[in-house]
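K.L.:
sequence unknown, structure follows:
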């Protein structure tokens, strides 16, 4: 990934990629990716919490100035652990994608991502893996907003910031039924991760949100998993005030891309017409009303009621059409797990190859 991998070290055995056809596994091979940056005093505790249900663990040192990877190499004897040292700092997204690539290469079926700061309870891994292993979801992510009591421990600035980011993410990603988009506790099926355009996904703090946008374009099913975050003495590198403008622009970009791809490039539906007509009527009515309001104000006369109605009626009809589009968009949230279909196709291809041989 980005040519930044300096090397591998660890005790976990390589799993041959051709040992089994993709998706044919009674007990899935689970991998955990831990991006490590400025977590030298915390990452070992995260590794120790990971239970026996996990077969592969990747600690990705993202050119950490504290040498988080070196700490794991020197003090961790867990044979499942592999430390990957990136030559340069690329951000949390780049570190995760490096881990994804390693896990896919080693034959993982489901890949879980844990932060190295100890805020995520590793005992919940089964909760994230379960819906994917059972064929109910392609991707799962944590949601810290389910338990109202748990929210009392969340810093107020972070609480408000996440609420705002969640609303923007619903619009840009198309997943109207999920919340807490910046939550980094995630799991993904290997078939989905394998088909993601990893090189195009944002490599820094917008990573989780941009990933949701890419998953929607694939029509992957995403589930929220209730969880509680643990806040102690760790210092967050994410400051809402620093990334608000950047996130807003990227959300707008992804919104336009998603709507264009889903409603005009790959398919055309009644919602495609509702959006265009709604925008035309709202903008046309607004322009008509503003023009006559300015003209009447400059002449010092009252705008006729008929003129007001000619401006108001298109706006009202246009808003109704836009609301109908949003309602249609909400109703098209993916519900059919993609990796199940992919497994069936690949299993069929594997059987054909086996019979032919």
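P.N.:
Thanks, I have it. Because the structure is a prediction, the values reported are computed rather than measured. Numbering: from 1, shown residues only.
K.L.:
that's a strand at residue 35, yeah?
P.N.:
Yes: counting by DSSP: H, G, I helix; E, B strand; the rest coil, residue 35 falls inside a strand.
K.L.:
in the sheet, who's paired with it?
P.N.:
residue 60 (DSSP bridges).
K.L.:
what sits against it?
P.N.:
60, 62, 92, 95, 96, 99, 113, 115, 116 (CB atoms under 8 Å, 6 or more residues apart in numbering). Using the backbone N, CA and C atoms, a C-beta is placed for each residue, glycine as well.
K.L.:
next: residue 58.
P.N.:
Contacts here follow CB under 8 Å, 6+ apart; on that basis residue 58 touches 10, 31, 32, 33, 34, 81, 82, 83, 84, 99, 102, 103.
K.L.:
next secondary structure after the strand or helix carrying residue 295?
P.N.:
Secondary-structure assignment from DSSP states H and E places residue 295 in helix 270-299. Per DSSP H and E, helix 270-299 leads on to helix 305-331 as the next helix or strand towards the C-terminus.
K.L.:
check contacts around the closest residue to residue 315 other than its chain neighbours.
P.N.:
Distances taken as CB to CB, 6 or more residues apart in numbering put residue 285 closest to residue 315, at 3.9 Å, once the chain neighbours are dropped. Contact analysis of residue 285 by CB under 8 Å, 6+ apart lists 310, 311, 312, 313, 314, 315, 318.
K.L.:
quick revisit: what residues sit buried inside the helix holding residue 295?
P.N.:
Neighbour-count burial for helix 270-299, counted by 16 or more other CB atoms under 10 Å, picks out 271, 272, 274, 275, 277, 278, 281, 282, 285, 288, 289, 292.
K.L.:
what's the answer for stretch 166-184, then?
P.N.:
Buried, per 16+ other CB under 10 Å, within stretch 166-184: 166, 168-175, 178-184.
K.L.:
and what of stretch 99-110?
P.N.:
Those would be 99, 100, 101, 102, 103, 104, 106, 107, 108, 109, 110, for stretch 99-110 by 16+ other CB under 10 Å.
K.L.:
out of the buried residues of stretch 166-184, the closest to residue 266 would be?
P.N.:
Proximity of those to residue 266 (CB to CB) peaks at residue 174, which lies at 13.0 Å.
K.L.:
so that closest one makes contact with residue 333?
P.N.:
Yes: Residue 174 lies in contact with residue 333 (CB atoms under 8 Å); the separation is 6.8 Å.
K.L.:
common neighbours of the two, please.
P.N.:
Common neighbours of residue 174 and residue 333 (CB under 8 Å, 6+ apart) do not exist.
K.L.:
ok so, going back, of the buried residues of stretch 99-110, which belong to strands?
P.N.:
residue 110 (DSSP state E).
K.L.:
adding pLDDT and distance to residue 204, write the buried residues of stretch 99-110 out as CSV.
P.N.:
Below are the buried residues of stretch 99-110 laid out as CSV (pLDDT from 0 to 100; distance: CB to CB, whole Å):
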residue, pLDDT, distance to residue 204
99, 96, 16
100, 97, 16
101, 95, 18
102, 96, 20
103, 97, 21
104, 96, 22
106, 96, 26
107, 95, 29
108, 97, 24
109, 96, 28
110, 97, 25
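K.L.:
show me the buried residues of stretch 99-110 that map onto helices.
P.N.:
99, 100, 101, 102, 103, 104 (DSSP state H).
K.L.:
please report how far the fourth one lies from residue 32.
P.N.:
As judged by CB to CB, to the nearest Å, residue 102 and residue 32 stand 11 Å apart.
K.L.:
again with the last one
P.N.:
Per CB to CB, residue 104 is found 14 Å from residue 32.
K.L.:
which neighbours do those two have in common?
P.N.:
residue 111.
K.L.:
name the residues of stretch 88-98 that come out as buried.
P.N.:
Of the residues in stretch 88-98, those buried (16+ other CB under 10 Å) are 89, 90, 91, 92, 93, 94, 95, 96, 97, 98.
K.L.:
okay, the closest residue to residue 65 other than its chain neighbours and residue 293: tell me how far apart.
P.N.:
Take residue 65 and drop its neighbours on the chain: the residue closest to it by CB to CB, 6+ apart is residue 38, 7.0 Å away. Here the criterion is CB to CB. By it, residue 38 lies 56 Å from residue 293.
K.L.:
residue ranges with poor pLDDT in the stretch 251-357 of the chain?
P.N.:
344-357 (pLDDT under 70).
K.L.:
repeat that for 80
P.N.:
303, 342-357 (pLDDT under 80).
K.L.:
now do the contacts for residue 131.
P.N.:
137, 140, 223, 225.
K.L.:
tell me how far it lies from residue 307.
P.N.:
For residue 131, the distance to residue 307 - CB to CB - is 56 Å.
K.L.:
among the buried residues of stretch 166-184, which are in helices?
P.N.:
Per DSSP H, the subset of the buried residues of stretch 166-184 in helices is 166, 168, 169, 170, 171, 172, 173.
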